[in-house]
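Undergrad: The following block contains a protein sequence and its predicted model.
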Amino acid sequence: MFQVDIEAKQLRRLTPTGFSELGLYERFDIQEWIEKTPEILGEELLIIGKEVILASGKRLDLLAVDTNAHLVIIELKRDSSGEAVEWQAIKYASYCGSLLPDEIYSLFESHLKTSASDARRRIEEFIDTDIEALNGAQRIILASRQFNSEVISAVLWLREFGVNIQCTRLAPFVDAQRNLFINPETIIPLPEAKDYIERKEKKQRTGSQAHREWTGYWFVNVGEGSHRNWDDNRKFGYIGAGQGPRYSSALKRLSVGDKIYAYMKGLGYVGFGEVTSTAVPVGDFTVEETGTPLLNAGLTAPDAGAHCDDEDLSDWAVGVRWIHTVSRDQARTFAGAFANQNVVCKLRDHETLRFLKEAFGA
């Protein structure tokens, strides 16, 4: 960094230094500068609290409101961010996320040493939106002379998942007379690329979220063994699981009307149907078409009724109206198709759903 001597038409190099070398502290110096001139962080901010004591007893360095009415958690470090400043700030943000408007006015009132009505008026005059939007979202600003590489990595990762967090470097320099200069620089996201980066992050999150959103259909594993098999499932209109609560309890997630796709491990998908009755012990299940108890209907699975006197160890059954099924040797799949070891789970993979709708219908 250089200082310009216009008259002499020359540059004078400024010497980089550290705040600690100058005997300056984050709490008694840097914090005070930012409170009085928050624009050093690269934007208009209204500081509403300093050394805010949280319920945990921890102190939040500075709390601000931006022009969009978001709360901004500002965490300061003197010369190095350390290795976990982002985690510290996230904890503070989680607390601030639950603050009600009256609590925010009270904090600002204490900071200003004024009335709550005056605090509210100042916030209303500062923001560019309705006061009802206050604290609709939270942001984090980390400020330090330098940032640990682990913090940088964590911040970039958090931004991919929608956490609004930035890193602003406050670099101190001195001239020959030991006058102090500070060069503020937001390094994440880079100001020149901020719009592009934010659009890209939003697109990535939107695409990722669309991939993860529940399709409205359920994935069900069809067990094959001595207790149950696919042939019985198709013939008598049910799916089963059990021999322990870990397995049978999964069936209880299904409700009447739910649409399911049945999957056989190692083979692929074998059926599509609609749930007609909720989970009951296999000894209490009745075949809908005939009114016959399932255990008396002629099952081919030799141990279907094992432990039927013990609800925890018994198999359980859910009634299903099969819309389209195939035999195990005609199971449908493709490279990358969704599969899961759970008995029942929500089908969230849209590519798999598109394939299944073509193979079995919707």
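TA: Great, that's in hand. Numbering: from 1, shown residues only.

Undergrad: mind checking which helix or strand of the chain has the lowest mean pLDDT?
TA: Counting by mean pLDDT, DSSP states H and E, the chain has its least confident helix or strand at helix 194-212, which shows a mean of 58.

Undergrad: sec struct for residue 182, please.
TA: Counting by DSSP: H, G, I helix; E, B strand; the rest coil, the backbone at residue 182 sits in strand.

Undergrad: no, scratch that, I was asking about residue 107
TA: Classification of residue 107 using three-state DSSP returns helix.

Undergrad: who's in contact with the nearest residue to it once chain neighbours are set aside?
TA: The shortest distance from residue 107 to any non-neighbouring residue, by Cβ to Cβ, 6 or more residues apart in numbering, is to residue 49 (4.6 Å). For glycine as for every other residue, the C-beta is placed from the backbone atoms N, C-alpha and C. With contacts defined as Cβ atoms under 8 Å, 6 or more residues apart in numbering, the neighbours of residue 49 are 60, 62-63, 107-108, 110-111.

Undergrad: Let's have the residues you listed in CSV, adding secondary structure, neighbour count and distance to residue 362.
TA: As requested, the contacts of residue 49 are exported to CSV (DSSP: H, G, I helix; E, B strand; the rest coil; neighbours: other Cβ atoms under 10 Å; distance: Cβ to Cβ, whole Å):
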residue, secondary structure, neighbour count, distance to residue 362
60, strand, 22, 51
62, strand, 25, 53
63, strand, 24, 50
107, helix, 20, 52
108, helix, 22, 54
110, helix, 15, 58
111, helix, 18, 57
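
Undergrad: Out of the residues you listed, which is nearest to residue 32?
TA: residue 62 (10.1 Å; Cβ to Cβ).

Undergrad: got CSV for the contacts of residue 49, with distance to residue 349 too?
TA: As requested, the contacts of residue 49 are exported to CSV (distance: Cβ to Cβ, whole Å):
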residue, distance to residue 349
60, 41
62, 44
63, 41
107, 45
108, 47
110, 51
111, 49
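
Undergrad: Relative to residue 85, which of those is nearest.
TA: Residue 85 lies nearest to residue 60 out of those, by Cβ to Cβ, at 12.5 Å.

Undergrad: ok, that closest one touching residue 52?
TA: Yes. Between residue 60 and residue 52 there is a contact under Cβ atoms under 8 Å: 4.2 Å.

Undergrad: Residue 323 touches residue 272, doesn't it?
TA: Yes. Residue 323 is within contact range of residue 272, at 5.1 Å (criterion: Cβ under 8 Å).

Undergrad: Helices of the stretch 51-200 of the chain, start to end?
TA: For the stretch 51-200 of the chain, the helices defined by DSSP state H, counting those that start in this stretch cover 85-96, 101-112, 116-126, 149-160, 194-212.

Undergrad: right, and these - which one's nearest residue 222?
TA: helix 194-212 (24.6 Å).

Undergrad: roughly how far is the next helix or strand after the closest one from the heart of the chain?
TA: Using DSSP states H and E, the helix or strand that directly follows helix 194-212 along the chain is strand 217-221. Here strand 217-221 is found 24 Å from its chain centre; the criterion is Cα atoms, centre = their mean, to the nearest Å.

Undergrad: go on, stretch 237-250?
TA: Worked out by Cα atoms, centre = their mean, stretch 237-250 lies 31 Å from the chain centre.

Undergrad: what distance separates the start and the end of that stretch?
TA: End-to-end span of stretch 237-250 (Cα to Cα, to the nearest Å): 18 Å.
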